[in-house]
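Trainee: Sharing a model prediction with you, sequence too.
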Amino acid sequence: MLDDVPLILILVGVAAYVVLAGADFGAGIWVIASSRSDGALRDHARHAMGPVWEANHVWLIFVFVVCWTAYPGVFASIASTLAVPLLIAAVGIILRGTAYALRAQSDDGEVATGIERVFGASSLLTPFALGAAVGAIASGRVPVGNARGDLLTSWLSPTGIVIGALSVATSSYLASVFLAADAQRVKSVPLVNAFRERALIAGAVAGALALAALVVVRFDARHIWDGLTSGWGLAALVASAAAGLVTLLLVRARRFEPARVAAALAVASIIAGWAAAQSPELLPGLTIDEAAAGHSTLVALVIAVAAGLLLLAPSLMLLFRLTLTGRFDPGTAAGTQPRVRDLRRQYPGARIVVAGSLLLVGCSLMVLSDATWGLALGVASLLGFVATAFAPLADPPESDDASVPVDAVLEREA
Amino acid sequence: MTAHAYLEEARQIQALSLTVHIPLVCFGIAFPSMVVFAESRYLRTGNELYRTIARRWSKVMLTLFAVGVVTGTILSFELGILWPNFISTFGNVFGLGFALEGFSFFLEAIFIGIYVYGWDRMSPRVHCLTGIPVVIAGISGSTFVIAVNAWMNHPSGFHLRHGKAVDVHPWSALFGNSFLWQEILHMYFAAYMVTGFLVAGWYAWCFLRGRFGHYERAAIAIPLAAAALISPIQIIVGDWAAREVQKDQPVKLAAMEGLSHTTRGAPEHLLGWYENGRVRYGIEIPHLLSLLAKHSFNAPIQGLDSVPAADRPPVNVERISFQLMVGIGTLLGVLGVAYVVVRLGRRRLPRSRWFYVGVLAAGPLALVALVAGWVTTEVGRQPWIVYGVMRTSEAVTHARGVPVGYATLAAVYVALAAAVAWVLLRLSRVPLAAQHAG
């Protein structure tokens, strides 16, 4: 039972990554797929990603670390055989992050267009490569061991290609639904219409590709087909198809908020279906039980994840609440002034004496003591020294009082 | 390509990726505390200048964090792509460290988004508070990663049976490791030196160009205070770190010092070149190594000959990077003391041009020392990936095509560096007044 817990965590992570980061990739795809005159559309797509994309990206890291801690052999086999698509995805991730930071600082024009192309192309490349890697795993082309599978045909296989394409289409679809909802919030009718139209098209394409994938899997990865057409796999497949249809209807009816949820459900269900179909084997000939790390590692991992989620859940909720309620939208500024107090400190002499003694004690202990307590006390003294001495030193000197009215400084700049 | 050349390439890719990422880690550890400090000064004094400083810095912080996110992601890919046998054998021991780091990273990403996009969107006090988790997560995240590195250097908490790690105790392996504490402290102090001197270096550049008003003065005081206080005491921490290396990795210390035979009253050599079992052209200081490493004039220090030639790290790479780190670190320590003396003695910022030239040079030099320090610890661990347990050659991937990946990544990193420089330059050119208004 404990052996399966990390796998469930991984699947939850994969679903979160596909839904959240997928929508961010999709936003990039819409940037590159827009015509030259669609500046407003591109800006909307970029701004919506701003505060959230880094957090969304971390789900991928989460999946990786849980996988290599709980099923180290599986991660090693996957990463070594699928080095090529993973490297492509990695390069795509770098280019995308960089292009995003660059675009935020560039004025509109030729340079900005070039940057947006890089941004869009990498947004296309990364989900394709990651999807193809999933296809390679699902179709049993990643054998256990150090790079024992084929570096190219493993993922450039029928299943790999079709899952890669499906990832791209799903990302575009999720993005257009999310962006339509955001556009509705900022009350921009043209943007709502633009993304609604895109959502309907991308949704239809994603649905068609999902059907195509089923056909491909029927011939290329028979065990997955068998799993998806019976038992839990079938239930998940039906749920996914139903949720997919519902989102299309909701988008048509301009009910974007519930459409977001239904779209996420469609994705989560198909991931669950894949898991059910492939269970209990993680890789050919390697079951979950055989691959799982020992009891102590799994317990430690579950404790760590549980503690982490306890901190993470409220933080994520705060971020999404601030984003979805439009607190980060341009033009919602609401600032107040802080209460002003005098910066001058009392007893500067005493502070210097304390800092000096801490420094002396810390240095002597660190250099002369070999005992653990001596070193610990030495480290504490040194940190205490830095803490005591930092604030007075970091304030500008009294002879150059920075409490000169800021307007004078800013005027000089202007 | 021979297996050896192949391994070398894989190691170089890893070294390249780490070299790109580590400076960004420094900013992740040290910069948020400086930004939040500046904002807290605004809360305390009501002086808009500090708010402008914090606000401008927060944009830089976000940019560098974003680049750190993607370069850090590459590292996690590479662990599997380049060193699959390391993961498959020991993932169950060290993986926990990365799982914990993942959550730190998560919190950092969430709150950095809230902090940077939240200016003017919440009360100043609440906004400043949202910076605190960024500070904490920056420090805790790197702690967990360094815990993994400390474990690789001083492994424990498992038994090896039929090529598998069994009887695993992941918590004590990562956090019950005596090697961890000096490594963490040494790296944190390095992070404050690198960040402090690089940020201060920008304003030193402003000084040299004759633009040094209230804004620049208030802005340089913060990073300079951090770097100047920490640089001198980093020397003390480094001394401690070397003693721990002597205890746990005597062969690494022998390579750092170019000591070929186990010697009583071992001398220290400054500069020079290691050749045929001795340091040539160096300045010899008798007994100093024994004194430093064991606090005794005549204590024996283990030499390279205590292990077979195949188990020794490359001596000159090790010696030169070690001496580079120590040399630069000492210079920075002197610069730090000079600043504190002038600042406290004369109650003003230094006015000498040379001081600001020094600060301008100190940033890049601190970076060099940082990388040299990591080369010392990582190359010094060779030929082991897990010290004394698994060789790097046993861990490397069997997949062909490593050179292609190397070339691709090298090109991408060059583009990345250019892009970061461009963004930072653009950010610096936004007029102060624009930032003040919105």
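Mentor: Sure thing, it's come through.

Trainee: Could you give the number of residues near the residue of the stretch 251-400 of chain B found nearest chain A?
Mentor: Closest residue of the stretch 251-400 of chain B to chain A, C-beta to the nearest C-beta: B:A399 (3.7 Å). Just so you know, the C-beta spots here come from the backbone N, C-alpha and C atoms, and that holds for glycine as well. B:A399 has 22 neighbours, counted by other C-beta atoms under 10 Å in any protein chain shown.

Trainee: Next: the one 4 residues further on.
Mentor: The criterion is other C-beta under 10 Å. On that basis, B:P403 has 14 neighbouring residues.

Trainee: Three-state assignment for it, please.
Mentor: Here B:P403 is recorded as helix under DSSP: H, G, I helix; E, B strand; the rest coil.

Trainee: Was I right to think it contacts B:E9?
Mentor: Yes: at 5.9 Å, B:P403 counts as touching B:E9 under the criterion of C-beta atoms under 8 Å.

Trainee: Just the element for the nearest residue to B:S76 once chain neighbours are set aside, please.
Mentor: Spatial nearest neighbour of B:S76, chain neighbours left out: A:F64 (5.2 Å); criterion: C-beta to C-beta, 6 or more residues apart in numbering or on different chains. Assigning secondary structure by DSSP states H and E places A:F64 in helix A:53-70.

Trainee: hmm, back to that, ok so the residue of the stretch 251-400 of chain B closest to chain A is a strand residue?
Mentor: No: assessed with three-state DSSP, B:A399 is coil; it does not lie in a strand.

Trainee: Contact partners for it?
Mentor: Shown in contact with B:A399 (C-beta atoms under 8 Å, 6 or more residues apart in numbering or on different chains): A:80-81, A:83, A:146-147, A:151, B:81.

Trainee: and what of A:I288?
Mentor: A:3-4, A:7, A:71, A:279-282.

Trainee: Give the other helices and strands that the host helix or strand of A:I224 contacts.
Mentor: Using DSSP H and E, A:I224 falls within helix A:222-228. Packing partners of helix A:222-228 (3 or more C-beta pairs under 8 Å, 6 or more residues apart in numbering or on different chains; DSSP states H and E): helix A:189-220, helix A:231-252, helix A:256-278.

Trainee: Could I have the CA atoms of it written out in PDB?
Mentor: Only the C-alpha atoms of helix A:222-228 are listed here, as PDB (Å, rounded to 0.1, in the frame of the first residue of the first chain):
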ATOM      1  CA  ARG A 222      -2.000  -2.900 -27.000                       C
ATOM      2  CA  HIS A 223      -1.800  -3.300 -23.200                       C
ATOM      3  CA  ILE A 224      -2.800   0.300 -22.700                       C
ATOM      4  CA  TRP A 225      -5.800  -0.200 -25.100                       C
ATOM      5  CA  ASP A 226      -6.900  -3.200 -23.200                       C
ATOM      6  CA  GLY A 227      -6.600  -1.300 -20.000                       C
ATOM      7  CA  LEU A 228      -8.600   1.600 -21.300                       C
END
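
Trainee: Same question for that helix: list its buried residues.
Mentor: A:224-225, A:227-228 (16 or more other C-beta atoms under 10 Å in any protein chain shown).

Trainee: Same check on stretch B:342-351?
Mentor: B:342-343, B:349-350.

Trainee: Pull up the distance across that stretch, start to finish.
Mentor: 9 Å (C-alpha to C-alpha, to the nearest Å).

Trainee: which residues touch residue 25?
Mentor: As the question left the chain open, I've gone with chain A. A:96, A:123-124, A:126-127, A:171, A:175.

Trainee: wrong one, I was asking about chain B
Mentor: B:68, B:72, B:142, B:191.

Trainee: For the one residue in the stretch 151-300 of chain A that gets nearest to chain B, which three-state class applies?
Mentor: Taking C-beta to the nearest C-beta as the measure, the stretch 151-300 of chain A has A:A293 as its residue closest to chain B, at 3.5 Å. Under the three-state scheme (three-state DSSP), A:A293 adopts coil.

Trainee: which residue packs closest to it, ignoring adjacent ones?
Mentor: Closest residue in space to A:A293, ignoring its immediate chain neighbours: B:N92 at 3.5 Å, by C-beta to C-beta, 6+ apart.

Trainee: Let me see the contact set for that neighbour.
Mentor: When contacts are taken as C-beta under 8 Å, 6+ apart, B:N92 is in contact with A:69-70, A:72, A:293-294, A:297, B:165, B:168, B:170.

Trainee: Tell me which stretches of the chain form strands.
Mentor: Reading this off chain A. Using DSSP state E, the strands of chain A run over residues A:281-283, A:286-287.

Trainee: wrong one, chain B
Mentor: Under the criterion DSSP E, chain B contains strands at B:159-161, B:164-166, B:263-264, B:268-270, B:273-275, B:278-280, B:283-285, B:300-301, B:384-386, B:390-391.

Trainee: what's the most buried one of those strands?
Mentor: Of all those, strand B:384-386 has the most neighbours on average by mean count of other C-beta atoms under 10 Å in any protein chain shown, namely a mean of 23.

Trainee: Residues contacting that strand, please?
Mentor: Outside strand B:384-386, the residues that reach it (C-beta under 8 Å, 6+ apart) are B:83, B:86, B:90, B:151-152, B:155, B:311, B:390-392, B:394-395.

Trainee: Kindly recompute the last result at 10 Å.
Mentor: Strand B:384-386 is contacted by residues B:11, B:83, B:85-86, B:89-90, B:93-94, B:151-155, B:158, B:160, B:165, B:249, B:251-252, B:311, B:313, B:378, B:390-396 when judged by C-beta atoms under 10 Å, 6 or more residues apart in numbering or on different chains.

Trainee: Which segments of chain A make up each domain?
Mentor: Domain ranges of chain A: A:2-293, A:300-413, per automatic domain parsing.

Trainee: Let me see the mean pLDDT of the shortest one.
Mentor: With pLDDT averaged residue by residue, domain A:300-413 scores 75.

Trainee: try stretch B:228-246
Mentor: 90.

Trainee: could you check whether it is close to chain A?
Mentor: Yes: between stretch B:228-246 and chain A, judged by C-beta under 10 Å from any C-beta of the partner chain, the touching residues are B:228-230, B:232-237, B:239-240, B:243-244.

Trainee: in the stretch 101-250 of chain A, what residue is nearest chain B?
Mentor: For the stretch 101-250 of chain A, C-beta to the nearest C-beta, closest residue to chain B: A:A147, 3.7 Å.

Trainee: wait, what's in contact with residue 298?
Mentor: Here I'm looking at chain A. So A:L298 contacts A:2-6, A:69-70, A:292, B:92, B:168, B:170 (C-beta under 10 Å, 6+ apart).

Trainee: Can you look at chain B instead?
Mentor: B:263-266, B:287, B:290-291.

Trainee: go with 8 Å
Mentor: B:264-265, B:287, B:290.

Trainee: Which two of these have the greatest separation?
Mentor: B:R264 and B:H287 (9.4 Å; C-beta to C-beta).
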